[in-house]
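Enquirer: need a structure here:
(chains A and B)
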Protein chains: 2
Amino acid sequence: MGFRQTVSSFTDRDWQQTTDGTVRLALVGLGWWTIDEAIPAIQDTDLCEVTVLVSRSQEKAQRFADEADVPHAISGAGYHDGECADEYDAIYVATPNAYHLEYVETAAELGKAVLCEKPMEASVERAEQMVEVADDASIPLMVAYRMHTEPAVRRARELVDSGVIGEPVQVYGNNSQPLLSMIEDPDQWRLDPDASGYGTSMMDLGIYPINTARFILGSDPVSVQAQMTSMHDAFADVPDERSTATVVYDDGVHAAITATQNAYNDTELTITGTDGQLTLSPAFHMECELAVETADRSFSASADDINEMTEEFDYFADRVLSSEPVYADGEHGLYDMRVLKALHESADTGRTVDLE
Amino acid sequence: MGFRQTVSSFTDRDWQQTTDGTVRLALVGLGWWTIDEAIPAIQDTDLCEVTVLVSRSQEKAQRFADEADVPHAISGAGYHDGECADEYDAIYVATPNAYHLEYVETAAELGKAVLCEKPMEASVERAEQMVEVADDASIPLMVAYRMHTEPAVRRARELVDSGVIGEPVQVYGNNSQPLLSMIEDPDQWRLDPDASGYGTSMMDLGIYPINTARFILGSDPVSVQAQMTSMHDAFADVPDERSTATVVYDDGVHAAITATQNAYNDTELTITGTDGQLTLSPAFHMECELAVETADRSFSASADDINEMTEEFDYFADRVLSSEPVYADGEHGLYDMRVLKALHESADTGRTVDLE
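Expert: All right, here's what the predicted structure looks like:
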């Protein structure tokens, strides 16, 4: 894959297997992400349709269903009782992390496919349970790493594979945002370890560069270090208002990662190789621009007319309809959970943590 | 300091105390840096003159003295014997790290001022000795962090001080270069621990972002982690062909640092605050461009007509001529040596290392 081919086929859906059929979705968890991002994105898909909204309160579900013209609205309890089970083929889980598992367990009982937001759950143990119940029920379980179907990321992977930047040597990834001005409630779930898990900045933000590097490099973290600090009152219950990590991947590539929930909005992933450098900046907040520089050439591109969530939902539906394996699957997501736990363990103990 | 003032006074020598006098320099160590960078830069200074060249072999010194029209050339042995001592007021030490101390010891005996390249020496212990001999002799000892007089860096410090990016939260620093294509000899001193010290990528390159962040933030590292890897045969004797670190500064700012001697040339220092972001890119290889972005403004500038080494030598001479304290002094450089040792200790032991 050279620069010219990358431009001419930048937004090609190289993953597409089918254009036939519809996957009817129940959306579980009606926070701003589901309402403002997922529902409009799904309306633009070729292969998905939202037929059911699920929220803790049936009333809230009904209100959003009326607004978005979705035919069915049920409570979480109703969902677990199998209400409207004939009305959907798959669920999209976008609740706080610690509630993912229970919805996947019911989906497994009902034989529904699952697209589950990242991070998979609040702990490694609960993520393991999720993989197990999905495996036992033979339902497709995909973890919603939307960067995997972002065209700029897929082209980045192809360019790295084809040796454009030489051998990859090191990575820098950053994901920072001002959470308290985005969501003003200081009691929000991302700051509550019972709902979020190990913490907030690595679980919610640092996972993007760490996972996107996994995808582009085709290698996995084997050794991590982290330092974490919370200073602001709103972060009193989590260790990592800001966090910084070193991650060594199994091919020897080194990554430095920064993530914070309380700073200026900025996202970046840069991969430096022996012969050049590839940068995604911005990278992770629904905009992604690719730039590549070598000694004698440079190139940049982005897919401004593509909605990342539309791509992700169509990819998921494509795999469900064609009975092909999903990627990222549960095992892939579980590995990130182990990395996240290791990062928190390193920050706690002051030791480098190896992943076996 | 606002954006407008930053532009109008970008290259002002805000440090200048005097325009009178000349400091006569003996240059010690005639590698490519001294010959290709230092000598031409000094020719453009207002306050310096090269009067003596010192090399291990008198013959080599004489050859370069003839080429550069420098009146005196002496061997290292001659220097230590006090040859030509009346012909210079100060020395500039640019030998391999492990030879810095001996030249400073003689300068102390002779009562000469010293400008010593970074890192100060090959080990903390030898850097401590250097501070001690300079203190005992009451000679000025300046460590050659040329970024401290780079206009873009000084303006960056003023902008951060004035709160343009809010409270600083996190830093990313990178310094990578393809050493083996720059200097093709695999037996070069930067790859020999006897000459370089703890290693190569952090000692030679990572020290730039770590120290420049110290200067801009006005705070010092208190806790570090590092991972280091050598893969290429030429790096068999040093642990850190590539290295990655986390550094927490005493004001709680987190830094992620990457450095490698075997990758594409790239240098960057980015400081993200609560309200904006400041980037130096390129940063460290004799070019430095400042960019600042906030929610409602952006700005970029560089001092293309300024030679960093000319600025540094004039600053050093200015301080010597006006009998004012130098900065960075020996204690400042020694602190970086402790940081470098701590980084290697962390990579060795897998433990976070605190600096007391």
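
Enquirer: please, where are all the helices along the stretch 251-356 of chain A?
Expert: A:308-321, A:330-349 (DSSP state H, counting those that start in this stretch).

Enquirer: no wait, the stretch 1-150 of chain A
Expert: A:3-8, A:32, A:39-43, A:58-68, A:76-80, A:100-110, A:124-137.

Enquirer: so where's chain A shaky on pLDDT?
Expert: Within chain A, the stretches with pLDDT under 70 are A:1.

Enquirer: one more pass at 80, please.
Expert: A:1-5, A:7, A:356 (pLDDT under 80).

Enquirer: tell me which residue is most central in it.
Expert: residue A:145 (3.1 Å; CA atoms, centre = their mean).

Enquirer: residue contacts, that one?
Expert: Residues near residue A:145 by CB atoms under 8 Å, 6 or more residues apart in numbering or on different chains: A:118, A:211, A:212, A:215, A:328, A:332, A:333. Glycine gets a C-beta too; all of them are placed from N, C-alpha and C.

Enquirer: most widely separated two among the residues you listed?
Expert: A:212 and A:333 (13.7 Å; CB to CB).

Enquirer: residue B:238 versus the nearest residue to residue A:255 once chain neighbours are set aside, what's the distance?
Expert: In space, and not counting its chain neighbours, residue A:255 is closest to residue A:171: 3.8 Å by CB to CB, 6 or more residues apart in numbering or on different chains. Note on residue A:171: its distance to residue B:238, by CB to CB, to the nearest Å, is 22 Å.

Enquirer: and these two? Which one has more around it.
Expert: residue A:171 (25 against 22; other CB atoms under 10 Å in any protein chain shown).

Enquirer: confirm that the more buried one sits in a helix.
Expert: No: judged by DSSP: H, G, I helix; E, B strand; the rest coil, residue A:171 forms no part of a helix; its state is strand.

Enquirer: what sits against the nearest residue in space to residue A:169 that is not next to it in sequence?
Expert: Using CB to CB, 6+ apart and skipping residues adjacent in sequence, the residue nearest residue A:169 is residue B:263, 4.0 Å away. Residues in contact with residue B:263, defined by CB under 8 Å, 6+ apart, are A:169, A:170, A:272, A:273, A:274, B:176, B:177, B:178, B:242.

Enquirer: does residue A:121 touch residue A:98 like I think?
Expert: Yes: with contact defined as CB atoms under 8 Å, residue A:121 reaches residue A:98; the gap is 6.9 Å.

Enquirer: okay, now the closest residue to chain B within the stretch 1-150 of chain A: neighbour count?
Expert: In the stretch 1-150 of chain A, the residue that lies nearest chain B is residue A:3 (16.3 Å; CB to the nearest CB). A count of neighbours around residue A:3, defined by other CB under 10 Å, yields 16.

Enquirer: give me the contact list for stretch A:301-314.
Expert: By CB under 8 Å, 6+ apart, stretch A:301-314 touches A:6-7, A:10-11, A:13, A:16, A:25, A:37-38, A:40-42, A:44-48, A:92, A:115, A:144, A:146-152, A:155, A:286-290.

Enquirer: and that stretch, how far from the chain's centre?
Expert: 14 Å (CA atoms, centre = their mean, to the nearest Å).

Enquirer: that stretch: which residues count as buried?
Expert: A:301, A:302, A:303, A:306, A:307, A:308, A:309, A:310, A:311, A:312, A:313, A:314 (16 or more other CB atoms under 10 Å in any protein chain shown).

Enquirer: and those residues as CSV, adding distance to residue B:344?
Expert: What follows is those, written out as CSV (distance: CB to CB, whole Å):
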residue, distance to residue B:344
A:301, 41
A:302, 40
A:303, 43
A:306, 45
A:307, 47
A:308, 41
A:309, 45
A:310, 49
A:311, 45
A:312, 43
A:313, 48
A:314, 49
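
Enquirer: of those, closest to residue A:322?
Expert: Nearest to residue A:322 among the buried residues of stretch A:301-314, with distances taken as CB to CB, is residue A:314, at 12.0 Å.

Enquirer: now the residue lying closest to the closest one once chain neighbours are set aside: how far from residue B:76?
Expert: Counting by CB to CB, 6+ apart, residue A:45 is the residue found nearest to residue A:314 once chain neighbours are left out, at 4.7 Å. From residue A:45 over to residue B:76 the distance is 74 Å, taken as CB to CB.

Enquirer: look at these two and report which has more neighbours.
Expert: residue A:45 (23 against 20).

Enquirer: got phi/psi on the more buried one?
Expert: phi -80, psi 160 (degrees, to the nearest 10).

Enquirer: which residues sit in contact with it?
Expert: A:310, A:313, A:314, A:317.

Enquirer: likewise residue A:248?
Expert: By CB under 8 Å, 6+ apart, the residues touching residue A:248 are A:221, A:222, A:223, A:224, A:254, A:255, B:227, B:229, B:244.

Enquirer: top of the residues you listed by number of neighbours, please.
Expert: Of the contacts of residue A:248, with other CB under 10 Å as the count, residue B:244 tops at 34 neighbours.

Enquirer: chain B: which of the buried residues of stretch A:301-314 is nearest?
Expert: residue A:302 (18.1 Å).

Enquirer: beta partners of the closest one?
Expert: residue A:289 (DSSP bridges).

Enquirer: pretty sure residue A:225 contacts residue A:246?
Expert: Yes: Residue A:225 is within contact range of residue A:246, at 4.6 Å (criterion: CB under 8 Å).

Enquirer: who touches both of these two?
Expert: What both residue A:225 and residue A:246 touch, as defined by CB under 8 Å, 6+ apart, is the set B:225, B:226, B:227, B:246.

Enquirer: from chain A, how far out is the third one?
Expert: By that I understand residue B:227. Distance, residue B:227 to chain A, using CB to the nearest CB, to the nearest Å: 5 Å.

Enquirer: you'd agree that residue is in a helix?
Expert: No: counting by three-state DSSP, one finds residue B:227 to be strand, located in no helix.

Enquirer: apart from its neighbours in sequence, what residue is nearest it?
Expert: residue A:246 (4.8 Å).

Enquirer: mind saving the C-alpha coords of the strand or helix carrying that neighbour as PDB?
Expert: Assigned by DSSP states H and E, residue A:246 falls within strand A:242-249. Output of strand A:242-249 as PDB, limited to C-alpha atoms (Å, rounded to 0.1, in the frame of the first residue of the first chain):
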ATOM      1  CA  ARG A 242      -4.100  12.300  35.300                       C
ATOM      2  CA  SER A 243      -2.000   9.300  34.400                       C
ATOM      3  CA  THR A 244       1.100   8.600  32.400                       C
ATOM      4  CA  ALA A 245       2.400   5.200  31.300                       C
ATOM      5  CA  THR A 246       5.100   3.300  29.500                       C
ATOM      6  CA  VAL A 247       3.900   0.300  27.500                       C
ATOM      7  CA  VAL A 248       6.300  -2.100  25.700                       C
ATOM      8  CA  TYR A 249       4.600  -4.200  23.000                       C
END
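
Enquirer: strand partners of that strand, parallel vs antiparallel please.
Expert: strand A:221-229 (antiparallel), strand A:254-260 (antiparallel).

Enquirer: quick one, which of those gets closest to residue A:163.
Expert: So among these, strand A:254-260 is nearest, using CB to CB, at 19.2 Å.

Enquirer: and the angle for the closest one with helix A:330-349?
Expert: Angle, strand A:254-260 to helix A:330-349, by axes from the mean of the first three to the mean of the last three CA atoms, to 10 degrees: 80 degrees.
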